[in-house]
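Colleague: Quick one, what's the 3D model for this:
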Amino acid sequence: MHHLRTRPAPIAVPAALGVAAALLLTACSSPDADPSGAPGSASSAPAEPHGYVEGASEASEPQLRLLLADDEGSVAVHDLLAGETASLDDVPAPAHAATDGRFLATSDGERTTIVDGGSWTVDHGDHTHYYDATARVVGGLDHGGPVELASSESTTTLAWPESARAVALDRAALGQGEVRETATVAGAGVLLPLGTLLVAGDVDEDRVTVLDAEGEPTGVDAACTDPAGGIVTRVGAVVGCADGAVLVTEGPDGGDPVVETVAVPAADADLPRATDFANRTGRPTVAALAGDSGYWLLDTRERTWQHVPTDRPLVHAVAVDDADAHVVALDTDGRVRVWSDGDSAPVTTEPLAAAGRATLQLDAQRAYLSDPEGSVVHEIDFADGARVARSIEVPVRPDVLAEVGR
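Modeller: All right, here's what the predicted structure looks like:
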């Protein structure tokens, strides 16, 4: 789950987020054609090309953009490829924010507003689609407070943990500019999409419950003390629990979903728990803070936890989950730290921003760190000794930062 921290703590995405799985808005296959070729049959109508999405064009590479908002509600989008910035409509002054790699949700105490970044990536495993559309403010929901956001191909979920309320939205409609609720889930501190299903962390019942698309229980659930925090990985949906996590995966051959408990090792049971999961979008391994002691790595493919101690407290950690097993973090001094191949000593930048206000985002090749006080976003090549590749001046103070198109 890619949620951004609440002010005055750093607004940072775990990115969760998480996040998230592939964001396809339409099926990849064309409708079946009538072999007869009769007039009026499917074969006589123009076939939509593979991967077609209404209102978007397909590109040959990721269309990476930065969504920016200041704490008064001014919003802009910066195209990282073209180097151009455009203003969008204002939103209510954001105190909280979250992103899924395409959409940005900002909220105050009463309302949540959704911004479409207009670029996204769909990973089908054997091939990938990159989409480019118009960035815009879509609309809002009459609920506020800290918010979490996640998406599957068909569904976008928003959860407000403080009030234990969550909703599911039709993602295709959202991409066309319409906020259409498909389910409302009470008592859910966490709500994640898993294909057409929903995975809820029920704070009243201390359980993880699998729901259908309309929010009705499927009968599949598992115990989870104090559910908090979640993320969708390539493997499944993860909900944080007091003693580890619950992992929900889609059932084989269309069967019932599978629910598994992944407990932290007994030797680490007294360490601070993981709640703010973050990874490079869709990857199996996720990172989370372990209080001031370091960070956790949860490998959802291997169903294992690892605690990595650090000599400085961190305010955010993200698992890149690439060939060199990079983990990128921001420490309390505003330095970006990068671990690779399990090395205990990271490479470190100089202090780049006030940690309490900075946001850290990353894709497969770069990390982006906002510096609201300097009105810049630092682009960092984490695989090249944490080198600061450039500092991008932006016209909107980046109190909120979300990288989209990943």
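
Colleague: got a list of what the closest residue to Asp322 other than its chain neighbours touches?
Modeller: For Asp322, ignoring the flanking residues on the chain, the nearest one in space by C-beta to C-beta, 6 or more residues apart in numbering is Ala364 at 6.9 Å. The way it works is simple: take the backbone N, C-alpha and C, and place the C-beta from them, glycine included. By C-beta atoms under 8 Å, 6 or more residues apart in numbering, the residues touching Ala364 are Arg280, Val320, Asp322, Arg406.

Colleague: if you set the cut-off to 10 Å instead, what comes out?
Modeller: Pro62, Thr121, Arg280, Thr281, Arg283, Val320, Asp321, Asp322, Ala383, Arg406 (C-beta atoms under 10 Å, 6 or more residues apart in numbering).

Colleague: Give the helix, strand or coil label for it.
Modeller: Under DSSP: H, G, I helix; E, B strand; the rest coil, the three-state class of Ala364 is coil.

Colleague: repeat for Ala173
Modeller: helix.

Colleague: That one and Glu54, how far apart?
Modeller: 11 Å (C-beta to C-beta, to the nearest Å).

Colleague: Out of the contacts of Ala364, the closest to Glu260 would be?
Modeller: Arg283 (18.7 Å; C-beta to C-beta).

Colleague: picking that back up, which among the contacts of Ala364 end up buried?
Modeller: The neighbour count (16 or more other C-beta atoms under 10 Å) marks Pro62, Thr121, Arg280, Thr281, Arg283, Val320, Asp321, Ala383, Arg406 as buried among these.

Colleague: Let me know the pLDDT of the residue nearest to the third one when sequence neighbours are not counted.
Modeller: In this structure, Arg280 finds its nearest non-sequential neighbour in Val320, 5.0 Å apart by C-beta to C-beta, 6+ apart. For Val320, the model assigns a pLDDT of 97.

Colleague: In this structure, where is pLDDT below threshold?
Modeller: For the chain, residues meeting the criterion pLDDT under 70 lie at 1-47.

Colleague: What residues does the nearest residue to Gly291 once chain neighbours are set aside make contact with?
Modeller: Leaving out its chain neighbours, the residue that sits closest to Gly291 by C-beta to C-beta, 6+ apart is Pro272, at 3.1 Å. With contact set as C-beta under 10 Å, 6+ apart, Pro272 has these partners: Ala288, Leu289, Ala290, Gly291, Asp292, Ser293, Gly294, Trp296, His307.

Colleague: Among those residues, which one sits closest to Pro92?
Modeller: Scanning those for proximity to Pro92, where the rule is C-beta to C-beta, the winner is Leu289, at 28.7 Å.

Colleague: Isn't that closest one up against Trp296?
Modeller: Yes: contact criterion C-beta atoms under 10 Å: Leu289 and Trp296 qualify, at 7.5 Å.
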